[in-house]
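Q: Just to be clear, the model below is a prediction. Sequence and coordinates:
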Amino acid sequence: MKLVSKLLFFSATSFFLKSCNQTNEKNTLHNKSIKTGKSQFAANDIFLAKHSDSCNCSAEFESKDSIKLVHIKNQFYKSKTGHLYEKTEAQREINGHLKEIEYFNGSFSQDVDPLTFEPLDGWYAKDKNYIYYYRPVSGGMQISKLDKADNKTFKILPGQYKYGADKNYFYDGTEIIDDFVPNKTNFKLNSKGQIFEMECNQRKYKFELVN
């Protein structure tokens, strides 16, 4: 069923955020986010407001329940309580057979700004405020906020997909690589232009390489 592309403004007191706890529910394989292309999005502030990471909202909605959600932009939707969901597809085992399904995953950081969120190369994404670790996992796409990452200077390291750096730190996924200062670190690159080792204050760190 198609969602209406424009929403009337509602009273700011129409809906209230609920406090809650999310849980991943079913195992998924080979998850990937779906881009829905350019589209109009809700201008209603109640749907664009930040929502709590800990609430009693559903961890996911089935595709047939999309009428319960409001399309914000691209793959992002919100419920009437303000909880953010990402439209996702995955293979799930149903009656002993793998089947491609589409659903709405809500088990990720609710700090995401859906209007400015964009995937970067590799397993990272950014919005106007934060950097996120963004990769497929069981239950949907993992979107984990990197609290200390500087979204103005963050870049993925050359030839890598899960290693990044900003003006202050190096990152391995969601973890900070300790004892390495970006402006005091030297790198070694292979013939493909991939960083395979860095050194700072006589400490060395070897990176996993992607073939």
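A: Cool, the structure landed.
Q: Where do the domain boundaries of the protein fall?
A: 1-113, 152-211 (automatic domain parsing).
Q: Could you tell me the least trusted of the ones you listed?
A: When the domains of the chain are compared by mean pLDDT, domain 1-113 comes last with a mean of 62.
Q: Summarise which helices and strands the longest strand anywhere in the chain is packed against.
A: Longest strand of the chain, by residue count under DSSP state E: strand 84-94. Under the contact criterion of 3 or more CB pairs under 8 Å, 6 or more residues apart in numbering; DSSP states H and E, strand 84-94 touches strand 29-33, strand 76-78, strand 97-105, strand 140-146. Backbone N, C-alpha and C define where each C-beta goes, glycine included.
Q: Quick check: which of these is buried the most?
A: Mean neighbour counts were taken over the helices and strands packed on strand 84-94 using mean count of other CB atoms under 10 Å, and the top value, a mean of 23, falls to strand 76-78.
Q: relative orientation of the longest strand of the chain and strand 140-146 in degrees?
A: 140 degrees (axes from the mean of the first three to the mean of the last three CA atoms, to 10 degrees).
Q: in strand 84-94, what's buried?
A: Of the residues in strand 84-94, 84-90, 92 count as buried by neighbour count, 16 or more other CB atoms under 10 Å.
Q: How much space separates the closest residue to Asn183 other than its chain neighbours from Asn151?
A: The shortest distance from Asn183 to any residue other than its chain neighbours is 7.5 Å, reached at Lys167 (CB to CB, 6 or more residues apart in numbering). Remark: distance between Lys167 and Asn151 (CB to CB, to the nearest Å) = 11 Å.
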